[in-house]
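Visitor: Everything below, folded, please.
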Amino acid sequence: MTIRMARLAVAMVLLSAIPVAGQEAPSSRWQDVLLIAGGGLAGADLSISMDAFSRGQAREANPLLRPLVNRPAAFGAVKAGLDTAAILWLRSMRRDHPKRALIGAVGFVVLKASIVAWNVKQLRR
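Guide: Numbering: from 1, shown residues only. Prediction:
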């Protein structure tokens, strides 16, 4: 997937979340869309990373995950678990701190999109 295609996919997901009257507050709807997009990007990061490791084209930058690179099941479980925990934490924060939760969701998507774009760029070298 090219960087342009990844940007287009994120834009399409974000633009498809037009709130409908009678539903939850728009900010919670947007946060859900952002967290779904972030989850998709986290999956893309995991997939690209594991493929690159299996080919010997990359190394893990996160020092906490680096020891697990040679154990794909453990690496995938820990990486997916950390991303899932972040998503659930941001979702649970929305009741008491809706603005912080929305800003956190935006930050999560930006972070994951940046990581995926970086990984794709590095694999093209």
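Visitor: Help me confirm that Lys79 comes into contact with Ser47.
Guide: No. Using Cβ atoms under 8 Å, Lys79 is not in contact with Ser47; the gap is 10.5 Å. Yep, even glycine has a C-beta here, placed from its N, CA and C like the rest.
Visitor: Scan the helices and strands of this protein for the one with the lowest mean pLDDT.
Guide: Least confident helix or strand of the chain, by mean pLDDT, DSSP states H and E, is helix 3-15 with a mean of 58.
Visitor: Could you name the helices and strands sitting against whatever helix or strand comes next after it?
Guide: Moving toward the C-terminus from helix 3-15, the first helix or strand encountered (DSSP states H and E) is helix 26-55. On a contact count with 3 or more Cβ pairs under 8 Å, 6 or more residues apart in numbering; DSSP states H and E, helix 26-55 meets helix 3-15, helix 72-93, helix 98-124.
Visitor: Listing request: residues of the protein with sub-threshold pLDDT.
Guide: Scanning the chain for pLDDT under 70 picks out 1-27.
Visitor: Just give the number of residues close to Leu90.
Guide: Residue neighbour count, defined by other Cβ atoms under 10 Å, stands at 22 for Leu90.
Visitor: next one: Arg71
Guide: 11.
Visitor: That one and Val78, how far apart?
Guide: 9 Å (Cβ to Cβ, to the nearest Å).
Visitor: again with Trp89
Guide: For Trp89, the distance to Val78 equals 16 Å [Cβ to Cβ].
Visitor: More neighbours: which of these two?
Guide: Comparing Trp89 with Val78 by other Cβ under 10 Å, the one with more neighbours is Val78, at 16 against 12.
Visitor: Report the separation between the more buried one and Asp96.
Guide: 29 Å.
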